[in-house]
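Q: Okay, here's the prediction I keep looking at, along with the sequence it came from:
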Amino acid sequence: MSLLKRIEQGQAQQDNQSPQRSSSAGAGGSGTSRLSGLNARRVAPPGTAQRDTYRDLKTRVQNKLLAELDPSMDVSQTAEVRRTIEELFENILAEEKIVLSRPERRRLFEQIVAEILGLGPLEPLLADDTITEIMVNGAKNIYIERSGKLYREPASFESDDHLMRIIDRIVAPLGRRIDESSPYVDARLPDGSRVNAVIPPISLVGPVLTIRKFARNPITVEQLIEYGTITPEAIEFLKACVISKINMIISGGTGSGKTTLLNVLSQYIPADERIVTIEDAAELQLRQEHVVSLEKRPPNIEGRGEVTIQNLVVNSLRMRPDRIIVGEIRDSAALDMLQAMNTGHDGSMTTAHSNSPRDTLARIETMTLMAGTELPVRAIREQISSALDLVVHLERLRDGSRKVTHVSEIQGMEGDVITMTDLFVFEQTGFENGRVIGRLRPTGLRPKFMDKIEASGINLPPSIFGVGERRRY
Ligand SMILES: Nc1ncnc2c1ncn2[C@@H]1O[C@H](COP(=O)(O)OP(=O)(O)O)[C@@H](O)[C@H]1O
Ligand SMILES: [Mg+2]
């Protein structure tokens, strides 16, 4: 209840607490007790505020509102409570003859609602579009990620109990629970943000909450170019690959921007194709109309009912897909994905965790072996080399920027080894003012699958690949 803290701190001189209310509230988990808690500890409105800063105004309206709200109201009835708050809010503004512009009025109202119904100190962080990730390590330590860098956030929760209540408020509506017997949980906020929570005794630093925010405005191709993640030439090439159904895998470390790039590239899939997406937790935001989105399901508390990525890949083949997009491949589902690519589901795309394009292949091989197949390694490699055409590799560099470092073609086999050719490689030329300087350059080589691109009626100028250009160093 940081609101109250703020009110109390901001108005230490005001001491006439409401006498009649009981102060029984506190740590109880239910919404009702939270509301009575707010009321019990409310502070009476100040008399005449001369210099009305926004903050004073907010405090005054909040206090008045809390004084008038019925403490027995069930705050789980969100819509109803919101209506009630709105009514009271309008009345108070009218009574006090407070004139606010419409946006100011909205903002004030939303801030008050956030305290009563929302996720407390998380609310402003969730509303701030420049924040991409929120990490809470126990009640007093909140970190955020902004433009790829971590910052400590001055806000905090009142106590671990307060934080636990907020975690409960996130997971309970999804029918999940978190307690000593299942001390970690994945969940999603109504806006699509991904949430993971781990609580003691597994976490030794109090409840830990990690939120990867759903990008309300997903990163666009123009932004990728502006941020220096990729060049217009490489995008033109990848666009041609997507249209002409080249099978590709986007690889890189955690948070290197794989899903973001996949999302951007997916917009080039022609609108007349049927797309099936398969994900751990739905993150992709496809623009096409004809999309079927599937999400895996963890086992329930009795350990039953699990639906794996692999189950979904197998099932998707019966759904007449033109394209299969798997959000991330990380286990034996790799074998099914390769088989899908090898049996006519061209243009499939996925992402995988790896350290380099070569490592991507090694990982796929390992994942395929996890399927318990009897196939010899060479046969697996043949499957990989005939299924996959292209690896697009991303890295998060030491300045926090995400860059495509390699676009590599998988060409075939030489002996027991899969052969790869780099078509584009990131060349770092310096490090200035804490920033990596460099550019993704074509290597001068054209892919062997050019005929496939040309067969789709796309003519890429040779200059895209740096053909006929002298390389400058
Ligand atoms: N090219 C980029 N430049 C800046 N930020 C990016 C870029 N790509 C992704 N991000 C941000 O980085 C975070 C992780 O991106 P994501 O695509 O989910 O990574 P991955 O799938 O590799 O784990 C997201 O918050 C996203 O908005
Ligand atoms: Mg991802």
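A: Structure's in. What do you need? As the structure is a computational prediction, the values presented were derived from the model and not from experiment. Ligands and ions are numbered 1, 2, ... in the order given.
Q: contacts for stretch 267-274?
A: Under the criterion C-beta atoms under 8 Å, 6 or more residues apart in numbering, residues 221, 238-239, 242-243, 275, 286-290, 292, 319-323, 347 lie in contact with stretch 267-274. C-beta coordinates here come from the backbone N, C-alpha and C atoms, glycine included.
Q: Please point out which parts of that stretch sit buried.
A: Under the neighbour-count criterion of 16 or more other C-beta atoms under 10 Å, stretch 267-274 has 267, 269 buried.
Q: Next, the distance between the ends of it.
A: Distance across stretch 267-274, first residue to last, is 13 Å (C-alpha to C-alpha, to the nearest Å).
Q: got it, and stretch 322-331?
A: In stretch 322-331, first residue to last residue: 23 Å (C-alpha to C-alpha).
Q: what sits up against stretch 427-445?
A: Residues contacting stretch 427-445 (C-beta under 8 Å, 6+ apart): 228, 230-231, 233-234, 397-399, 401, 403-405, 407, 421-426, 464-467, 469, 471.
Q: what's the first-to-last distance across that stretch?
A: Across its full length, stretch 427-445 reaches 16 Å between end residues, using C-alpha to C-alpha.
Q: ok, that stretch near ligand 1 or not?
A: No. Looking at stretch 427-445 against ligand 1 by C-beta under 6 Å from any ligand atom, there are no contacts, and the closest approach is 12.0 Å.
Q: Now the buried members of the contacts of stretch 267-274.
A: By neighbour count, with 16+ other C-beta under 10 Å, the contacts of stretch 267-274 hold 221, 238-239, 242-243, 275, 321-323, 347 as buried.
Q: In helices only, show me the residues you listed.
A: Among the buried ones among the contacts of stretch 267-274, the members falling in helices are 221, 238-239, 242-243 (criterion: DSSP state H).
Q: Let me have those residues in a markdown table, extended by pLDDT and distance to Ala379.
A: Output for these, formatted as a markdown table (pLDDT from 0 to 100; distance: C-beta to C-beta, whole Å):
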| residue | pLDDT | distance to Ala379 |
| --- | --- | --- |
| Val221 | 96 | 38 |
| Leu238 | 98 | 30 |
| Lys239 | 97 | 33 |
| Val242 | 97 | 29 |
| Ile243 | 97 | 31 |
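Q: Quick check: Met349 vs ligand 1, distance?
A: Here Met349 is placed at a distance of 13 Å from ligand 1 (C-beta to the nearest ligand atom, to the nearest Å).
Q: so who does that residue touch?
A: Contacts for Met349 (C-beta under 8 Å, 6+ apart) come out as 242, 247-250, 262, 265-266, 323, 325-326.
Q: per-residue confidence at Arg274?
A: For Arg274, the pLDDT comes out at 96.
Q: Could you measure from it over to ligand 2?
A: For Arg274, the distance to ligand 2 equals 23 Å [C-beta to the ion, to the nearest Å].
Q: that older thread, which of the contacts of Met349 tops the neighbour count?
A: Neighbour tally across the contacts of Met349 (other C-beta atoms under 10 Å): the maximum, 31 neighbours, falls on Ile249.
Q: That one should be in a strand, yeah?
A: Yes. The assignment for Ile249 (DSSP: H, G, I helix; E, B strand; the rest coil) places it in a strand.
Q: Looks like it contacts Ala387 (just checking).
A: No. Ile249 is beyond contact range of Ala387, at 9.6 Å (criterion: C-beta atoms under 8 Å).
Q: about what we covered before: want to throw the buried ones among the contacts of stretch 267-274 into CSV with distance to Ala155?
A: Putting these into CSV (distance: C-beta to C-beta, whole Å) gives the following:
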residue, distance to Ala155
Val221, 34
Leu238, 40
Lys239, 42
Val242, 42
Ile243, 46
Ile275, 40
Pro321, 45
Asp322, 47
Arg323, 43
Gly347, 45
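Q: can you give me the helices for the stretch 201-350 of the chain?
A: Secondary structure of the stretch 201-350 of the chain, counting by DSSP state H, counting those that start in this stretch: helices at 221-226, 232-243, 258-266, 309-316, 333-342.
Q: how big is the angle separating the third one from helix 232-243?
A: In other words, helix 258-266. Per axes from the mean of the first three to the mean of the last three C-alpha atoms, to 10 degrees, the angle that helix 258-266 makes with helix 232-243 is 70 degrees.
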